[in-house]
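> Dropping a prediction and its sequence here:
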Amino acid sequence: MKNDSLSFWERLYIKEVLKGLILTSKHFFQNMKVHILNLFGVKTERKGAVTIQYPEEKKSLSTRHRNLHRLTVREDDSPRCVACMMCETICPAKCIYIVAGEHPDPSIEKYPVSFDIDLGICVYCGFCVEACPEDAIRMDTRMLEIASYSREGMKYNKEMLMDHNKYCKKD
Ligand code: SF4
Ligand code: SF4
């Protein structure tokens with residue numbers, strides 16, 4: 001669609017590109033000045049911006065940060081999940097797949113025969129954690145490295161999700 005509200009010079013965007021370059025350069029030189037002053041022991045009001053040397057260096061995450069899921073376990077290392085399907089139902093991405101089975105212990109109605117999450121389509125909303133009545137699923141492993149070369153590699157099964165408890169202190 002033709003935009004008649006812009007003049008010929010505005011449509012070239014030269015002025016806007018130059019404005020962007022000036023702003024970026026301004027921040028670059030201001031930051032460099034702070035680093036040079038700090039290098040010579042001069043204290044400045046603000047610290048110079050630094051690039052974190054990831055993965056050797058890691059940024060501290062907020063306690064509210066949602067990251068790789070885990071299925072919490074009971075004292076006998078069985079999953080706390082009672083296969084109530086609340087998480088599967090509320091999940092907006094429809095990426096939780098649970099198959100429920102009768103639990104041998106009559107005090108526990110059901111257990112997940114299988115519990116899969118496809119993190120390739122998960123939107124990290126945390127609704128599954130909020131909906132769970134058993135505190136059986138959490139997103140507090142602080143693990144962010146979940147990239148995979150394949151879509152299949154983004155699918156996590158029950159055993160893998162339970163194994164993620166190793167990233168956290170014992171409950
Ligand atoms: S974080 Fe959200 S999208 Fe991901 S599995 Fe849980 S409910 Fe689904
Ligand atoms: S993880 Fe929680 S909400 Fe999901 S099926 Fe198990 S008990 Fe229900």
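The structure has been received and is ready for your questions. Because the structure is predicted, anything quoted here is derived from the model rather than measured. Ligands and ions are numbered 1, 2, ... in the order given.

> what is the mean pLDDT for the longest strand anywhere in the chain?
In the chain, taking DSSP state E as the definition, the longest strand is strand 110-118. Strand 110-118 comes out with an average pLDDT of 97.

> same thing with stretch 134-151?
For stretch 134-151, the mean pLDDT works out to 95.

> Please identify the buried residues of the longest strand of the chain?
Across strand 110-118, burial judged by 16 or more other CB atoms under 10 Å covers Tyr111, Pro112, Phe115, Asp116, Ile117, Asp118. In this view, the C-beta of every residue, glycine as well, is placed from N, C-alpha and C.

> how close does the first one sit to Asp118?
Which is Tyr111. Distance, Tyr111 to Asp118, using CB to CB, to the nearest Å: 21 Å.

> same deal with Met160?
Following CB to CB, the distance that separates Met160 from Asp118 is 12 Å.

> Ignoring the adjacent residues along the chain, who's closest to Arg66?
Excluding the flanking residues, the one nearest Arg66 by CB to CB, 6 or more residues apart in numbering is Met139, at 4.3 Å.

> Please tell me how far the residue of the chain most remote from its centre sits from ligand 1.
No residue in the chain sits farther from the centre than Phe8, which is 44.1 Å out by CA atoms, centre = their mean. Phe8 is 47 Å from ligand 1, where distance means CB to the nearest ligand atom, to the nearest Å.

> try Cys81
Applying CB to the nearest ligand atom, the value for Cys81 to ligand 1 is 13 Å.
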